[in-house]
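*Asks:* starting from these lines, generate the structure:
(4 chains, ligands or ions: 4)
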Protein chains: 2
Amino acid sequence: MIESKVTELLKKTQLSVTDGRRRILELFLQHEGALSHGDIEKKAGEKFDRVTVYRTLQAFLEKGLIHSIPSSDNSIRYALCKDDCSDGHHQDDHVHFICNRCGNTTCLEEVVVPSIKLPRGYSAQQVEMLVSGICKSCGGA
Amino acid sequence: MIESKVTELLKKTQLSVTDGRRRILELFLQHEGALSHGDIEKKAGEKFDRVTVYRTLQAFLEKGLIHSIPSSDNSIRYALCKDDCSDGHHQDDHVHFICNRCGNTTCLEEVVVPSIKLPRGYSAQQVEMLVSGICKSCGGA
DNA sequence: ATAACAAATGCAACAAAGTTGCAAAAAGAA
DNA sequence: TTCTTTTTGCAACTTTGTTGCATTTGTTAT
Ligand SMILES: [Mn+2]
Ligand SMILES: [Mn+2]
Ligand SMILES: [Zn+2]
Ligand SMILES: [Zn+2]
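*Replies:* Ligands and ions are numbered 1, 2, ... in the order given. Have a look, this model is predicted:
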């Protein structure tokens, strides 16, 4: 069950398990694809205060439960991390895909971000790769 | 002179040349690195209305004068395009670097975004690569 | 189970960012 | 210059994000 998975994850990351956190984590587990703050606010319904959603995402981020995905439309998305992300140390080196038709953002876990050679003087700490186009579900044609 | 370059660019893109547009384009030409809406608002001073800045960036974007750079902090940056970007068709296939020390975002024109193989069903229309770390100026020591 | 303590939540009051319609002003064309 | 079109500024508004504080809830130890 998702119920137990949720509690397990919260326990593992040393977060006290509250209704809000359970609900939001549940949303991530159910929903294939990334969620923005706004998405969560809508999906979680009236039950939780907006501020709580902000703080919960913040906490999840810090604990390495979720990672954030940059965007070109001023609305960061978040998605669950794999097990190897822990307390502050993220290890999400996969490509993200943004569908121009359905608008969904997906983690392409199987596609690793290629390494890259930077000009002299620059040193990289993190690399993000964002691909936009038509996703599998929308591809149809 | 920058003055004439500015006017030339506006004429070329069929934008009527106004004080606001001149000023903002000037900022882009002077400033090495990308600018956010907020940056521009500050740098342009009290002289221009916030709404005008929004509309100007929008216009520049559509005409292929500038391109936008995704971010993880809900503040899109913009930078000048090269000559080969025109009316709606952008051709900015370079890597963007975000410095964690000085906060500047730079176009690494000389670093081309590597191509990538997507899983079956996905088709790419655009690829963005964002590298964060320490930039040339901050690298020092 | 209860009490004590620590942490999370909701609320209120803000601040900041973004949007829209419209009248006035400025650009471009004739 | 005059006419026409486009851009601008303003006002009013919506949405998004932040902060402090009192209350509620979760956790741990008795
Ligand atoms: Mn991801
Ligand atoms: Mn660029
Ligand atoms: Zn899609
Ligand atoms: Zn720097």
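*Asks:* so A:Leu27 is in which element?
*Replies:* Assigning secondary structure by DSSP states H and E places A:Leu27 in helix A:19-30.
*Asks:* center of chain A, which residue is that?
*Replies:* Central residue of chain A (C-alpha atoms, centre = their mean): A:Ala79, 1.5 Å from the mean position.
*Asks:* once you drop chain neighbours, what's closest to that residue?
*Replies:* A:Ala34 (4.1 Å; C-beta to C-beta, 6 or more residues apart in numbering or on different chains). For every residue, glycine as well, the C-beta is placed using N, CA and C.
*Asks:* on that earlier part again, do the helix holding A:Leu27 and ligand 1 meet at all?
*Replies:* No: Helix A:19-30 stays clear of ligand 1 (C-beta under 5 Å from the ion), getting no nearer than 11.3 Å.
*Asks:* in that helix, what's buried?
*Replies:* Buried positions in helix A:19-30, judged by neighbour count with 16 or more other C-beta atoms under 10 Å in any protein chain shown: A:20-26, A:28.
*Asks:* whichever residue of chain A sits closest to ligand 2 - nearest residue in space that isn't next to it in sequence?
*Replies:* Per C-beta to the ion, A:Ser72 is where chain A lies closest to ligand 2, at 12.2 Å. Nearest residue to A:Ser72, sequence neighbours excluded (C-beta to C-beta, 6+ apart): B:Pro70, at 4.4 Å.
*Asks:* go on, A:Asn74?
*Replies:* A:Asn74 sits nearest to B:Asn74 (C-beta to C-beta, 6+ apart), 5.0 Å away.
*Asks:* what sits against the one you found?
*Replies:* By C-beta atoms under 8 Å, 6 or more residues apart in numbering or on different chains, the contact set of B:Asn74 is A:74-76.
*Asks:* does it belong to a helix, a strand or coil?
*Replies:* coil (DSSP: H, G, I helix; E, B strand; the rest coil).
*Asks:* contacts only, for the residue nearest to A:Ala79.
*Replies:* Contact analysis of A:Ala34 by C-beta under 8 Å, 6+ apart lists A:69, A:77-79, A:96, A:104-107.
*Asks:* from these, which land in helices?
*Replies:* Per DSSP state H, helices hold no members of these.
*Asks:* shaky segments in chain A?
*Replies:* Along chain A, segments meeting pLDDT under 70 span A:84-90, A:140-141.
*Asks:* which bits of it sit near ligand 3?
*Replies:* A:99, A:101-102, A:135, A:138.
*Asks:* ok, 8 Å please
*Replies:* Proximity of chain A to ligand 3, by C-beta under 8 Å from the ion, involves residues A:99-104, A:134-139.
*Asks:* which of those residues are buried, as a ChimeraX select command?
*Replies:* Only the buried entries of these go into this ChimeraX selection, using 16+ other C-beta under 10 Å:
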select /A:99,104,134,135,136,138
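*Asks:* would A:Val111 count as being in a strand?
*Replies:* Yes: using three-state DSSP, the assignment for A:Val111 is a strand.
*Asks:* test my guess that it contacts B:Leu118.
*Replies:* Yes: A:Val111 is in contact with B:Leu118 according to C-beta atoms under 8 Å; the separation is 6.6 Å.
*Asks:* list the residues that contact both of those two?
*Replies:* With C-beta under 8 Å, 6+ apart, A:Val111 and B:Leu118 have common neighbours A:Val95.
*Asks:* mind checking the SS state of the residue of chain A positioned farthest from its centre?
*Replies:* The centre of chain A is farthest from one residue, A:Arg120, which by C-alpha atoms, centre = their mean lies 32.3 Å away. Look at A:Arg120: counting by three-state DSSP, its state is coil.
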